[in-house]
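Peer 1: model this:
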Amino acid sequence: MPIPDPRPIRALLDDRLAALAAEVGAFAAREIAPRPEPADDAAARREARAFAAQLGASGWLESIRRRDWRACCLVREALGAASPLADAVFALQGLGALPILMSDNAPMRDRWAAEAIAGRAIGGFAMTEAEAGSDVAAIATMARRDGTSYVLNGSKRFISNAGIADFYTVFASTDPKAGAKGISCFVVPADAPGLRFVGAQVMSAAHPLGELAFENCRVPVENRLGDEGRGFALGMKTLDRWRATVGAAACGMAARALAEALAHARARRQFGKPLAEFQLVQEKLARMAMDLTAARLLVYRAAWAADGGAERVTLEAAMAKAFATEAAQRVVDDAVQILGGAGVLASHPVDRLYRSVRALRIYEGTTEIQHLVIAGQLIQDSGA
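Peer 2: Here you go, the predicted model:
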């Protein structure tokens with residue numbers, strides 16, 4: 001199994017991070033990759049909890065607490081190559097904890113973010129709704145102030161870790177007339193009265209997903225992150241910082257697909273010679289390697305800028321996420337083609353990658369939305 005190769009991105013890493021690439025790669029290859037894919041959604045949910053505990057106990061979630069973005073990328077790249085489910089667990093611990101860590105709410109930080117980083121609590125990021133996907137400002141879940149509490153009513157769908165999370169970072173409208181400026185953010189424990197797990201939404205790849213309902217769900221005022229109306233900004237800041245790590249996960253999946261394809265091409269013989277000697281196969285391998293290297297450079301450029309203290313990395317993160325996820329889809333698809341029949345067997349790692357990589361082009365901002373972000377920035381910078 002490949003480990004994150006620091007050489008192509010060495011200019012964007014210091015010695016500590018270069019060493020970290022080898023350490024996390026070895027951990028993922030030794031502890032994560034040998035575990036079989038869960039047989040069904042129930043097994044995936046059990047495995048996700050086990051991964052959270054393992055990652056927390058091993059210290060790999062600490063990069064989230066430190067907001068060490070290049071380290072987060074290296075961890076996600078290694079986990080993405082070893083197990084898309086383990087990567088998803090890391091991602092959700094980050095998404096659940098980051099809004100808390102970025103806020104000034106110390107009690108929530110001590111109660112929930114610390115537990116998530118230790119792997120003792122599982123987080124969820126509850127933003128998406130039936131009519132609020134790419135259009136986050138369309139959130140319809142309401143949070144009405146009632147004395148020392150807020151009362152939440154509404155529903156969320158396509159929520160990763162729904163049903164297994166111990167807490168959710170929830171975005172709800174406290175002032176519908178204000179649109180995006182009326183959205184606030186709350187930490188809602190999974191056992192809060194009025195919060196109900198509606199049911200699982202089963203994906204083709206192992207990934208706990210589901211729907212939530214808030215039915216007069218009462219949450220203390222102290223669970224609000226930041227001021228009223230600042231939830232949208234907090235959510236966008238979280239995604240702005242975290243988005244490049246999605247590209248890193250895509251690079252990990254692409255690297256695993258390339259390694260599997262290369263090994264097969266060298267070993268498999270047709271018409272008296274290895275597949276690797278056929279020029280059409282070589283063309284695919286070359287394109288896969290170029291896509292992967294370009295994607296990694298964009299990903300680590302964005303993370304490097306964030307680690308350097310840049311106030312916003314919206315453009316860099318959008319480029320990284322859009323290019324890396326689209327490139328990974330091409331790389332995995334070419335790997336399936338090179339492997340032929342073996343590549344579509346459910347037992348093969350490349351088939352698991354094929355089922356897992358597709359969602360990366362959708363969640364945390366579709367490729368189309370990233371293109372709009374990039375173009376908007378270009379137009380603004382050109383003075384048009």
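Peer 1: so where do the helices sit in the protein?
Peer 2: 15-27, 41-57, 62-66, 69-82, 84-102, 106-108, 114-117, 231-267, 279-307, 314-339, 349-357, 367-382 (DSSP state H).
Peer 1: Pick the most buried one from those.
Peer 2: Highest mean neighbour count among the helices of the chain (mean count of other Cβ atoms under 10 Å): helix 69-82, with a mean of 30. Any C-beta I mention is one placed from the backbone N, CA and C, and that applies to glycine too.
Peer 1: quick check: angle from that one to helix 41-57?
Peer 2: Helix 69-82 runs at 140 degrees relative to helix 41-57, counting by axes from the mean of the first three to the mean of the last three Cα atoms, to 10 degrees.
Peer 1: one step back: who wins for proximity to Pro2 among the helices of the chain?
Peer 2: helix 231-267 (4.5 Å; Cβ to Cβ).
Peer 1: Quick one: mean pLDDT for the closest one?
Peer 2: Average pLDDT, helix 231-267: 96.
Peer 1: same thing with stretch 182-199?
Peer 2: Here stretch 182-199 scores 97 as its mean pLDDT.
Peer 1: ditto for stretch 110-124
Peer 2: pLDDT averaged over stretch 110-124 gives 97.
Peer 1: which stretches of this protein have low pLDDT?
Peer 2: 384 (pLDDT under 70).
Peer 1: bridging residues for the closest residue to Phe214 other than its chain neighbours?
Peer 2: In space, and not counting its chain neighbours, Phe214 is closest to Leu152: 4.1 Å by Cβ to Cβ, 6 or more residues apart in numbering. Counting by DSSP bridges, Leu152 is bridged to Ala143, Cys217.
Peer 1: Please apply the same query to Leu209.
Peer 2: Ser160.
Peer 1: Run through the residues that contact it.
Peer 2: Contacts for Leu209 were tallied using Cβ atoms under 8 Å, 6 or more residues apart in numbering; they are Phe158, Ile159, Ser160, Ala162, Ala200, Gln201, Val202, Met203.
Peer 1: domain assignment for the chain?
Peer 2: Following automatic domain parsing, the chain resolves into domains at 7-117, 123-229, 233-382.
Peer 1: With respect to Met1, which of those domains lies nearest?
Peer 2: domain 7-117 (4.7 Å).
Peer 1: Quick one: distance of the closest one to the chain centre.
Peer 2: Using Cα atoms, centre = their mean, to the nearest Å, the distance from the centre of domain 7-117 to the centre of the chain it belongs to is 10 Å.
Peer 1: residue at max distance from the center of the chain?
Peer 2: Gly272 (43.5 Å; Cα atoms, centre = their mean).
Peer 1: For Phe278, see how far away that residue is.
Peer 2: 11 Å (Cβ to Cβ, to the nearest Å).
Peer 1: Equivalent analysis for Glu222, please.
Peer 2: Using Cβ to Cβ, we find Glu222 at a distance of 65 Å from Phe278.
Peer 1: Which residue of the two possesses the greater neighbour count?
Peer 2: Phe278 (15 against 12; other Cβ atoms under 10 Å).
Peer 1: quick one: contacts for Gly235?
Peer 2: If you count contacts by Cβ under 8 Å, 6+ apart, Gly235 has them with Pro99, Met127, Val136, Phe171, Ile183, Cys185.
Peer 1: need the contact list for the residue nearest the centre of the chain.
Peer 2: Residue closest to the mean C-alpha point of the chain, counted by Cα atoms, centre = their mean, is Ala91 at 4.2 Å. Counting by Cβ under 8 Å, 6+ apart, Ala91 makes contact with Arg76, Ser160, Trp242, Thr245, Val246, Ala249.
Peer 1: swap in Gln201?
Peer 2: Arg157, Phe158, Ala162, Leu209, Gly210, Glu211.
Peer 1: Give the full set of residues in contact with the closest residue in space to the second one that isn't next to it in sequence.
Peer 2: Using Cβ to Cβ, 6+ apart and skipping residues adjacent in sequence, the residue nearest Phe158 is Thr128, 4.8 Å away. For Thr128, the contacting residues are Lys156, Arg157, Phe158, Ile159, taking Cβ under 8 Å, 6+ apart as the criterion.
Peer 1: which of those residues sit farthest apart?
Peer 2: Pairwise distances across these peak at 8.0 Å for Lys156 and Phe158 (criterion: Cβ to Cβ).
Peer 1: Just want to know which of those two has more residues nearby.
Peer 2: Remark: of Lys156 and Phe158, Lys156 carries more neighbours, 26 against 19, as counted by other Cβ under 10 Å.
Peer 1: hang on, that one packs against Cys217?
Peer 2: No - the pair Lys156 / Cys217 is not scored as a contact, 11.3 Å apart, by Cβ atoms under 8 Å.
Peer 1: ok, the contacts of Gly235 vs Met319, which is closest?
Peer 2: Val136 (20.3 Å).
Peer 1: Thank you, goodbye.
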